[in-house]
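Student: I need the structure of the sequence given here:
(2 chains)
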Protein chains: 2
Amino acid sequence: MHKSKGVIKMKEILVETSARHIHLSQEAVDVLFGKGYTLTNKKDLSQPGQFACAEKLDVVGPKGKIKASILGPTRPDTQVELSLTDARTIGVSAPIRESGSIAGTPGCKLVNPENGAEYEIATGVIAAKRHIHLTPADAEEIGVADKQIVSVKVNTADRATIFGDVVCRVSDKFATAMHIDTDESNAACAFGNVYGVVIK
Amino acid sequence: MHKSKGVIKMKEILVETSARHIHLSQEAVDVLFGKGYTLTNKKDLSQPGQFACAEKLDVVGPKGKIKASILGPTRPDTQVELSLTDARTIGVSAPIRESGSIAGTPGCKLVNPENGAEYEIATGVIAAKRHIHLTPADAEEIGVADKQIVSVKVNTADRATIFGDVVCRVSDKFATAMHIDTDESNAACAFGNVYGVVIK
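Tutor: So this is what the prediction gives:
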């Protein structure tokens, strides 16, 4: 919080929409693209070191398939982040989970539409728990700690919304930004440059 | 509001999810199903006199098509209610509108997949503004008036949410229920028997 013209002004946080995407292990990359293949950085993302790849995959479930982007770099575990609309489309019951918390989650098949290569995962399909990436400085300014659950008010036109159950994640490797999925973005009309305010 | 065991308890309102659907004029029914055809009531809905039809149509836009249910009875104007996820899928920019407020909205093509019949609408594609149908008695108990804009708190597991910009609609022809679309339902994990509380 800082004072501005005599009014206490809460720090506003950029609210970004994460469309469905896939994080791949190097093993998955090897199977889907060929041994030792390196994913192509198409566009840097707001989180330092993270990038959208040129390559895309089909995410296949019992009821259908859906095309998704890959985010790099590779990670220890393959993980597929879908909106609940997406998950229903392909017939997978994705739970709300923090990134990396994939124990007990359902799996799916990943298919490279260019070469037909397939990679099956037994777990790893989640709907991301809405969250805020925070630098330690911004977390201190806002007065929140790592793992704290807060609400965030987004005053968009037509569909103003307060999102509860938002988890704060604090690291000096982060840039400060809130991430919501496409269902949440559509539910709040949170398009373009949208900012939110933390409510504790 | 009424007192219960010494605690003031706000009246809870049933929150129902409206999946994408179509309201047809009799002219549209005639073109798509044959002159004088009567839609088949498959299931009564919570609003008195409203029903889901056995018949379905493809909603076709510049980027794709999507299957949708028809709700009966017929209305003066054909109207297609999509989630913003759906609208993006078919490439139509649906504005947030109250039902019936279709001036200036985009159109689409409706196709009967059984016989190939097509009906084009110049306007009528909307994303429904979230709303509460209220009986006059419930409106009085909650203390809201027709057309009043309120917020509704939904305390679901994992994704507690307060929806702003909710319009109240009061009529003795209504049953009391809040309607949200599938994006909003997924954003709040508002599945099954979910109730909300009005916050003014």
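
Student: quick check: residues of chain A near chain B?
Tutor: When proximity is defined by CB under 8 Å from any CB of the partner chain, chain A lies next to chain B at A:83-85, A:96, A:129-130, A:151, A:158-165, A:180, A:182-184, A:186-189. Where C-beta positions appear, they are placed from N, C-alpha and C, glycine not excepted.

Student: inside helices: which ones of the residues you listed?
Tutor: The helices in this structure, assigned by DSSP state H, contain A:84-85, A:182-184, A:186-188 from these.

Student: still on that earlier bit, report the buried members of the residues of chain A next to chain B.
Tutor: A:83-85, A:96, A:129-130, A:151, A:159-165, A:180, A:182-184, A:186-189 (16 or more other CB atoms under 10 Å in any protein chain shown).

Student: burial of the spatially closest residue to A:Asn41 that is not a sequence neighbour, as a residue count?
Tutor: Excluding the flanking residues, the one nearest A:Asn41 by CB to CB, 6 or more residues apart in numbering or on different chains is A:Phe51, at 4.3 Å. The tally of other residues near A:Phe51 (other CB atoms under 10 Å in any protein chain shown) stands at 17.

Student: which residues touch A:Phe51?
Tutor: The contact partners of A:Phe51, taken as CB atoms under 8 Å, 6 or more residues apart in numbering or on different chains, are A:41-45, A:71-73.

Student: which pLDDT value goes with it?
Tutor: The per-residue pLDDT reported for A:Phe51 equals 98.

Student: look up how far A:Pro73 lies from it.
Tutor: For A:Phe51, the distance to A:Pro73 under the criterion CB to CB, to the nearest Å works out to 8 Å.

Student: same deal with A:Phe33?
Tutor: Counting by CB to CB, the gap from A:Phe33 to A:Pro73 is 14 Å.

Student: who has more neighbours, these two?
Tutor: Under the neighbour definition other CB under 10 Å, A:Phe33 and A:Pro73 were set side by side, and A:Phe33 has more, 21 against 14.

Student: give me phi/psi at the more buried one?
Tutor: Note on A:Phe33: backbone dihedrals following degrees, to the nearest 10 are phi -120, psi -10.

Student: can you tell me which residues contact it?
Tutor: When contacts are counted by CB under 8 Å, 6+ apart, A:Phe33 touches A:39, A:55, A:112, A:115, A:117.

Student: among those, name the buried ones.
Tutor: Neighbour counting with 16+ other CB under 10 Å marks A:39, A:55, A:112, A:117 as buried within the contacts of A:Phe33.

Student: measure the third one to A:Ala68 for me?
Tutor: For A:Asn112, the distance to A:Ala68 (CB to CB) stands at 12 Å.

Student: list the residues that contact both of the two?
Tutor: Counting by CB under 8 Å, 6+ apart, the residues touching both A:Asn112 and A:Ala68 are A:57-58.
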